[in-house]
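Novice: 3D, please:
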Amino acid sequence: MKATLVIKNIDNLITLKGENKARTKEKLRDIGIINNGIIALNGEKIIYVGEGNLPPHIVVDEDTIVLSGVGKTVTPGLIDSHTHLVHGGSRENELAMKLKGVSYLDILAAGGGIHSTVKATKEASFDELYLKAKKSLDIMLSYGVTTVEAKSGYGIDDFSTEIKQLEVAKKLDEDHPIDIVSTFMAAHAIPSKYKNNPDEFVDIIIEDMIPKVAEKKLAKFCDVFCEEGVFSIEQSRRILLAAKEHGMGLKLHADEIKPLGGAELAAELNCITADHLIAASDKGIKEMAAKGVIANLLPGTSFNLQTGKFARARKIIEEGVAIAISTDYNPGSCPTENLLLIMSFASLIMKLTPEEVITAVTINGAAALGLEEKVGSLEVEKQADIVIFDAPNLEYIIYHFGINHVDKVIKKGKIVYEKNI
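Specialist: Got it, this is the predicted structure:
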């Protein structure tokens with residue numbers, strides 16, 4: 001078989017080889033390192049992963065692209081499995097309020113927060129949203145991200161804006177090297193006009209929005225912000241059950257600020273992920289472990305909100321819950337596309353080992369999007385999504401924080417990003 005691209009003499013080839021499912025407990029640290037590694041691709045697929053030289057059945061000719069891995073660390077493409085990619089405007093004007101200690105929910109109650117982004121997103125044209133999101137995707141790609149989840153949720157009761165967000169994400173998925181998985185999240189906040197009757201808005205989401213999104217096949221998942229002052233446990237349950245009936249996978253913004261019981265609800269409904277979990281109860285964590293719900297942890301949001309509260313990552317792992325780590329890129333609570341920085345936060349603040357971190361942003365990130373059979377590890381027959389880091393080992397990438405260590409990104413077997421030297 002002919003190789004179209006080969007990376008040889010790799011100092012640290014991190015394969016994440018193993019079962020195509022989310023890893024837990026000690027398996028989070030089993031990352032399949034090969035020293036003096038070599039990997040060969042044929043088109044979009046991986047055809048060989050090993051140590052030393054290629055076997056005789058892998059043919060290299062003058063057309064084969066051959067890259068050196070000397071002094072490099074090579075990993076699967078990184079997966080950012082929780083973002084709010086498509087939106088209008090930005091919210092730097094809220095920084096002064098945050099510095100004075102005004103809480104996220106208080107900013108929201110005053111008409112800021114999500115509501116200001118809703119206004120900006122509604123006013124933005126399709127092309128304006130497309131170009132803004134594309135710029136963010138280009139930045140993400142430069143940091144080694146090859147797959148992204150993108151939520152709607154800045155139209156809320158303006159369904160045409162929700163659809164616009166999802167259609168922008170769909171077009172970007174077609175046009176951009178990064179693969180995009182869309183999530184419908186009109187249940188992101190209670191619109192002002194439904195403040196005194198939120199169940200009416202819940203009915204609209206269930207009876208009107210979800211069926212139309214499903215019919216148009218614009219979203220793989222449905223998500224709800226289950227939080228005090230936003231959507232209650234019962235409202236969240238109703239929305240997600242309706243989404244399930246229409247074939248969508250289920251996600252939940254759970255226990256981000258108050259211990260409302262979101263983790264328990266995610267377990268009850270067999271959600272694929274429960275996200276944030278800063279205030280999750282011991283009971284909720286145990287129930288997530290029993291049901292195989294992945295904990296999607298977002299340390300950048302805790303850092304930016306400066307509450308001093310982070311998800312109890314070590315407790316979550318000890319109870320047997322699989323973890324993913326994501327940026328939560330959005331214009332309010334975590335305005336960064338830099339997943340490498342978030343990985344350092346996860347290690348330095350949440351006390352995760354570098355091995356646990358890389359697992360959380362590769363195979364577990366893939367599992368958080370239902371893509372573990374396709375991406376997330378470097379194994380024969382998987383899609384050739386690969387990052388070459390100009391770093392001697394994994395620990396250096398985490399330790400030397402705030403720096404972009406990416407040398408090259410390969411997506412579906414093609415070099416799609418190279419660092420300018």
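Novice: Going along the chain, name the helices of the stretch 201-350 of the chain.
Specialist: For the stretch 201-350 of the chain, the helices defined by DSSP state H, counting those that start in this stretch cover 210-216, 233-245, 262-268, 282-291, 299-305, 313-318, 339-348.
Novice: and the fifth one, what other elements does it pack with?
Specialist: The one in question is helix 299-305. Counting contacts by 3 or more CB pairs under 8 Å, 6 or more residues apart in numbering; DSSP states H and E, helix 299-305 packs against helix 339-348. Yep, even glycine has a C-beta here, placed from its N, CA and C like the rest.
Novice: Go ahead and name everything in contact with the helix it packs on.
Specialist: With CB atoms under 8 Å, 6 or more residues apart in numbering as the contact definition, helix 339-348 has outside contacts at 78, 80, 140, 143-145, 297-300, 303, 313, 325-327, 336, 352-354, 357-358, 360-361, 397-399, 401-406.
Novice: circling back: now, of the helices of the stretch 201-350 of the chain, which is deepest in the fold?
Specialist: Of all these, helix 262-268 has the most neighbours on average by mean count of other CB atoms under 10 Å, namely a mean of 25.
Novice: Got the phi and psi for residue 119?
Specialist: Note on residue 119: its backbone torsions stand at phi -60, psi -50 [degrees, to the nearest 10].
Novice: any idea how far it is from residue 156?
Specialist: Per CB to CB, to the nearest Å, residue 119 is found 11 Å from residue 156.
Novice: out of these two, which sits in the busier spot?
Specialist: Neighbours per residue, other CB atoms under 10 Å: of residue 119 and residue 156, the larger number sits with residue 156, 26 against 16.
Novice: Please report how far the more buried one lies from residue 236.
Specialist: Taking CB to CB as the measure, residue 156 falls 15 Å from residue 236.
Novice: Test my guess that residue 372 contacts residue 22.
Specialist: Yes - Residue 372 lies in contact with residue 22 (CB atoms under 8 Å); the separation is 7.1 Å.
Novice: Common neighbours of the two, please.
Specialist: Common neighbours of residue 372 and residue 22 (CB under 8 Å, 6+ apart) are residue 363.
Novice: which of those two has more neighbours?
Specialist: Each of residue 372 and residue 22 has its neighbours counted (other CB under 10 Å); residue 22 has more, 27 against 22.
Novice: and that one, how far is that from residue 373?
Specialist: Taking CB to CB, one finds residue 22 at 12 Å from residue 373.
Novice: Also residue 410?
Specialist: Distance from residue 410 to residue 373, by CB to CB: 19 Å.
Novice: what about those two, which has more around it?
Specialist: More neighbours surround residue 410 than the other of residue 410 and residue 373, with 24 against 13 (other CB under 10 Å).
Novice: Give me the pLDDT for the more buried one.
Specialist: What the model reports as pLDDT for residue 410 is 99.
Novice: what does residue 109 give?
Specialist: 72.
Novice: Give me the neighbour count for it.
Specialist: Neighbourhood size, residue 109 [other CB under 10 Å]: 13.
Novice: Wait, it touches residue 229, no?
Specialist: Yes - applying CB under 8 Å as the test, residue 109 and residue 229 come out as touching, 7.4 Å apart.
Novice: what residues are up against residue 80?
Specialist: Taking CB under 8 Å, 6+ apart, we find residue 80 in contact with 140, 145, 147, 148, 149, 326, 327, 329, 339, 361, 365.
Novice: Go again with 7 Å.
Specialist: Listed by CB atoms under 7 Å, 6 or more residues apart in numbering, the contact set of residue 80 reads 140, 145, 148, 149, 326, 327, 339.
Novice: just residue 140 next, same as before
Specialist: Neighbour list for residue 140: 80, 148, 178, 337 [criterion: CB under 7 Å, 6+ apart].
Novice: Likewise for residue 64?
Specialist: Residue 64 sits next to 3, 4, 5, 6 when contact means CB under 7 Å, 6+ apart.
Novice: between the helices of the stretch 201-350 of the chain, which one is nearest to residue 134?
Specialist: helix 339-348 (17.4 Å; CB to CB).
Novice: Give me the contact list for whichever helix or strand comes after that closest one.
Specialist: Sequence-wise, the next helix or strand downstream of helix 339-348 (DSSP states H and E) is helix 354-360. Identification of contacts with helix 354-360 by CB under 7 Å, 6+ apart yields 14, 16, 23, 28-29, 31, 75, 323-325, 343, 346-347, 394-395, 398.
Novice: Now, of those, which are buried?
Specialist: Buried members of the contacts of helix 354-360, scored by 16 or more other CB atoms under 10 Å, are 14, 16, 23, 28, 31, 75, 323-325, 343, 346-347, 394, 398.
Novice: Dump the residues you listed to a markdown table, plus distance to residue 163 and pLDDT.
Specialist: Formatted as a markdown table, the buried ones among the contacts of helix 354-360 follow (distance: CB to CB, whole Å; pLDDT from 0 to 100):
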| residue | distance to residue 163 | pLDDT |
| --- | --- | --- |
| 14 | 40 | 98 |
| 16 | 36 | 98 |
| 23 | 36 | 98 |
| 28 | 38 | 98 |
| 31 | 40 | 98 |
| 75 | 36 | 99 |
| 323 | 33 | 98 |
| 324 | 27 | 99 |
| 325 | 30 | 98 |
| 343 | 33 | 98 |
| 346 | 34 | 98 |
| 347 | 39 | 98 |
| 394 | 41 | 98 |
| 398 | 40 | 98 |
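Novice: Now stretch 300-310: average pLDDT?
Specialist: Averaged across stretch 300-310, pLDDT comes to 93.
Novice: Repeat that for stretch 85-97.
Specialist: Mean predicted lDDT for stretch 85-97 stands at 90.
Novice: buried stuff in that stretch?
Specialist: Within stretch 85-97, the residues scored as buried using 16+ other CB under 10 Å are 85, 86, 87, 88, 89, 91, 94, 97.
Novice: now, which of these sits nearest residue 128?
Specialist: residue 88 (7.0 Å).
Novice: Can you tell me how far the closest one is from residue 39?
Specialist: Residue 88 is 41 Å from residue 39, by CB to CB.
Novice: check contacts around the closest residue in space to residue 187 that isn't next to it in sequence.
Specialist: Computed as CB to CB, 6 or more residues apart in numbering, the closest residue to residue 187 that is not its neighbour in sequence is residue 224, at 4.1 Å. Shown in contact with residue 224 (CB under 7 Å, 6+ apart): 187, 231, 236, 239, 240, 252, 253.
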